[in-house]
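> I need the structure of the sequence given here:
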Amino acid sequence: MTDPPSAEASAQGTPADAPPGVQGPPGPLLSVVKDQRLAFLIVGGLNTAIGFVAFVFFQHFVGRHAGRYGYMVTLGCAHVVAVLCAFWLYRHLVFRVRGHVLADLARFESVYLVSLGVNAALLPLLVEVGHLTPIVSQLVVLVATTAISWFGHKYFSFRRTPSPDQPEVHP
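Sure, this is the predicted structure:
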């Protein structure tokens, strides 16, 4: 059970269904989708697809020409594209937070670095030991990394520290 939104959050236009700690007016996606949690999931699904398409693109144009472990180069390239795209989408379409751009990006990337670490461990295992293609392997890994990023962004990425006179919102 979550605490009700603070008076400051309500004054800033933060919807009651916003993930814990997120403050600011709702993004434009909420003019169509009224639940910010659903908007969060829609953007997450869209970004997962964008990240996978980026992986396929880079594997075709870079990874397959970069030697035996070229799929790891592909993973790095796709990671950069997916993170920057996701950050912009969440920040502009869902949360509409202001300020703290670099701090938010650093927190956002720290969540994705955990996912990247899991991905970097599982991808070679599935390719080298499981003998799956890099693209099929990446599709399998997406299941684990999607769950990691969901919880990380929900509880960490765009969270704001409450002011001293306001209680912290807990998940």
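> tell me the contacts of the residue most central in space within the chain?
Most central in the chain under Cα atoms, centre = their mean is residue 149, positioned 5.2 Å from the mean C-alpha point. Residues near residue 149 by Cβ atoms under 8 Å, 6 or more residues apart in numbering: 44, 111, 112, 115. (Each C-beta comes from the backbone N, C-alpha and C, glycine too.)
> the same query, at a cut-off of 7 Å, please.
111, 112, 115 (Cβ atoms under 7 Å, 6 or more residues apart in numbering).
> hang on, the second one packs against residue 83?
Yes: taking contact to mean Cβ atoms under 7 Å, the distance of 5.0 Å between residue 112 and residue 83 places them in contact.
> where do the helices sit along the protein?
Per DSSP state H, the chain carries helices over the ranges 7-11, 36-61, 70-89, 101-124, 134-152.
> out of the ones you listed, flag the one nearest residue 28.
With Cβ to Cβ as the measure, helix 36-61 is the member of the helices of the chain nearest residue 28 (9.6 Å).
> can you give me the offset of that closest one from its chain's centre?
Taking Cα atoms, centre = their mean, to the nearest Å, one finds helix 36-61 lying 9 Å from the centre of the chain it belongs to.
> could you do stretch 57-64 as well?
With Cα atoms, centre = their mean as the basis, stretch 57-64 stands 23 Å off its chain's centre.
> same check on stretch 63-71?
Averaging C-alpha positions (Cα atoms, centre = their mean) puts stretch 63-71 26 Å from its chain's average.
> would you mark the buried spots in it?
For stretch 63-71, the neighbour count (16 or more other Cβ atoms under 10 Å) marks 63, 70, 71 as buried.
> and for stretch 109-119?
Within stretch 109-119, the residues that count as buried by 16+ other Cβ under 10 Å are 109, 111, 112, 115, 116, 119.
> before we move on, the earlier item: export the helices of the chain as TSV, with columns for mean pLDDT and distance to residue 27.
TSV is the format used below for the helices of the chain (pLDDT from 0 to 100; distance: least, Cβ to Cβ, whole Å):
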stretch	mean pLDDT	distance to residue 27
helix 7-11	43	15
helix 36-61	90	7
helix 70-89	93	9
helix 101-124	89	14
helix 134-152	85	18
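> distance to residue 28 for these - can I get that in TSV?
Formatted as TSV, those follow (distance: least, Cβ to Cβ, whole Å):
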stretch	distance to residue 28
helix 7-11	19
helix 36-61	10
helix 70-89	11
helix 101-124	18
helix 134-152	22
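> for residue 95, which of those is the nearest?
helix 36-61 (8.0 Å).
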